[in-house]
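# any chance you can model this:
(one chain, ligands or ions: 1)
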Amino acid sequence: MFDLMIRGGRVIDPETAFDAIADVAVKDGTIVAIGALPEPAGRTVDADGLVVTAGFVDLHGHGQSIPADRMQAFDGVTTSLELEIGVLPVARWYEEQANAGRVLNYGASAGWVFGRIAAMTSQQTQPTIEGMGLAMRDRRWVTDAADPAETAEIVERVRTGLEQGALGIGFPNAYAPGTGIKELSELCSLAAGFGTPTFTHIAFMSNVDPLSSIEGYTRLIGLAGSTGAHMHICHFNSTSLLDVERAAELVRNAQAQGLKVTVEAYPYGTGSTVISADFFSDPAFPTRFGTDYGAIEVVASRHRFRDRDELLRAQQENAGALVLIHFLDVAANDRHRNLLDVSVMFPGGIIASDAMPWTLPNGSTYIGDAWPLPEDAVSHPRSSGTFTKFLKEWVRERQAISLLEGLAKCSLLPARLLEGCTPAMRRKGRLQIGCDADIVAFDFAALTDRADFTRMNAPSEGVRHLLVGGEAVIADGDLVRNARPGRPIRRPTP
Ligand SMILES: [Zn+2]
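Purely as a prediction, here's the structure:
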């Protein structure tokens, strides 16, 4: 007998293009039958009127906690991976997640910056985005090229992370723009040797040369060509600023020549990061970003800066504080909306959230069990609504892309990106017999993000059921509070 039957939904598999009314049977966490299935099951879910498809695979989630998982579950996500910044040491991180219990499947890349912080400074740091920000108090790892001994140590630490099953290497290069190309090329060769992708926040963010975004992408493409590494570009929307059309042309050319360069984007014109990021303290920030200091907003207090002096003081006070950066005005500016489209609609491009941790007004990170989240918990709307916003606006309302193709950008394509080195991903991102029962069932007509900058913690609506490994995380639109079915996604190690 089956454990679970999802009855009568519109079943869509983004790989085979199967799209028909069918039942889906689950046993021991695996999809075991699809079709008209008269057999009884231990539990039955009525999916009449719902789309039933593979849960979304998010390559870029910084929250990595129970509250962050729950918010993403309502966004249709069943696997949330920390690949851009990554973690070190890798084995300890996986152990901590298993001990804490996770709602969604989780995994991480080897966090190169944490190797740099350890090799070049004496700081102890938590392998999180806030930890990276706090470590900017000693800026040697941010601004300097590593010497040969330091480079060797960084490479060794990252190698150990890969040997412990990391899903690739995270290169948040813009947070350490002083990094030398010799170091990066060694690390890319390391990734190529392990057959793992790398995940890059390009070194420079600027509309103007030198050290422009275009220079950043050109370096990245050069590393793909010279080392053979798969270079995945994180948040193509935000790091391209106003030059995304030219950046897209360069990436298309690189791909046409067979280079392994891929992109992801989130559907917002506002970014988020740590306040101490080097690109904010740069005296030329207004010219380079084409905006003033008012575009930088503290997440916890919603304060916008007047000038550089005030920003520098705030960086001193709390280097790990999270901020928003409003780089495109998609509400009022047609050209900006078109620029966002170039990144979101990039052919073969992936939707990834860059979901941020949840922060309380005192600046601390919220990792507690309250549901709904505390009224005053803030983050970025993308932490709640990336996938539902994309499916609602681009697929349903504007019909800029078909539902099948839209779903592929959320599930199949990210799974494929990783499956060369992580065979477990071959069973994700698809709704097929033999695949993991990571399943989302949503009401397409009602699907919507609800989080905006005034209420970031409003969960999306329309996801009626969400299963992770066959276990319900959302049932009939409600959170199953004690569900902790999340499992590690890890490369097999010898
Ligand atoms: Zn990020």
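
# measure residue 324 to the ion for me?
Per CB to the ion, to the nearest Å, residue 324 is found 13 Å from the ion. (C-beta placed from N, C-alpha, C; glycine too.)

# repeat that for residue 385.
16 Å.

# helix or strand for that residue, which one?
helix 382-389 (DSSP states H and E).

# looking at it, residue 172 is touching residue 136, isn't it?
No - the pair residue 172 and residue 136 does not pass the contact test of CB atoms under 8 Å, sitting 11.8 Å apart.

# before we move on, the earlier item: so which elements touch the helix holding residue 385?
Helices and strands touching helix 382-389, by 3 or more CB pairs under 8 Å, 6 or more residues apart in numbering; DSSP states H and E, are strand 56-58, helix 66-73.

# quick check: angle from the helix or strand that that helix is followed by to helix 382-389?
Heading C-terminal from helix 382-389, the first helix or strand you meet, by DSSP H and E, is helix 403-410. If you take axes from the mean of the first three to the mean of the last three CA atoms, to 10 degrees, helix 403-410 sits at 160 degrees to helix 382-389.

# residues contacting residue 473?
70, 73, 78, 103, 104, 466, 467, 479, 480, 483, 485 (CB atoms under 8 Å, 6 or more residues apart in numbering).

# turn those residues into a markdown table, columns for pLDDT, secondary structure and neighbour count.
Below are those laid out as a markdown table (pLDDT from 0 to 100; DSSP: H, G, I helix; E, B strand; the rest coil; neighbours: other CB atoms under 10 Å):
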| residue | pLDDT | secondary structure | neighbour count |
| --- | --- | --- | --- |
| 70 | 98 | helix | 27 |
| 73 | 99 | helix | 27 |
| 78 | 99 | strand | 30 |
| 103 | 98 | coil | 29 |
| 104 | 98 | coil | 31 |
| 466 | 99 | strand | 30 |
| 467 | 98 | strand | 28 |
| 479 | 98 | strand | 18 |
| 480 | 98 | coil | 17 |
| 483 | 98 | coil | 21 |
| 485 | 98 | coil | 21 |
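
# so which of the residues you listed comes closest to the ion?
residue 104 (17.0 Å; CB to the ion).

# got the residues of this protein near the ion?
Residues of the chain that fall close to the ion, judged by CB under 5 Å from the ion: 84, 354.

# apart from its neighbours in sequence, what residue is nearest the residue nearest to the spatial centre of the chain?
The centroid of the chain falls nearest to residue 60 when counting by CA atoms, centre = their mean (1.4 Å). Leaving out its chain neighbours, the residue that sits closest to residue 60 by CB to CB, 6 or more residues apart in numbering is residue 352, at 4.0 Å.

# domains for the chain, by residue range?
2-53+430-447+459-479, 56-269+328-366+381-423 (automatic domain parsing).

# tell me the SS of the residue of the stretch 51-200 of the chain found nearest the ion?
Taking CB to the ion, the ion has its nearest neighbour within the stretch 51-200 of the chain at residue 84, 4.4 Å off. At residue 84, secondary structure determined by DSSP: H, G, I helix; E, B strand; the rest coil is strand.

# for burial, what's the neighbour tally of it?
Residue 84 has 25 neighbouring residues, counting by other CB atoms under 10 Å.

# what of residue 253?
12.

# which phi and psi does it have?
Per-residue torsions, residue 253: phi -60, psi -40 (degrees, to the nearest 10).

# could I get the pLDDT score of it?
Model confidence at residue 253, given as pLDDT, is 98.

# with residue 319 instead?
pLDDT recorded at residue 319 is 89.

# give the contact list for the closest residue to it other than its chain neighbours.
In space, residue 319 comes closest to residue 276 once its chain neighbours are excluded; the distance is 4.0 Å by CB to CB, 6+ apart. By CB under 8 Å, 6+ apart, the contact list for residue 276 reads 133, 136, 137, 315, 319, 320.

# all set now, cheers.
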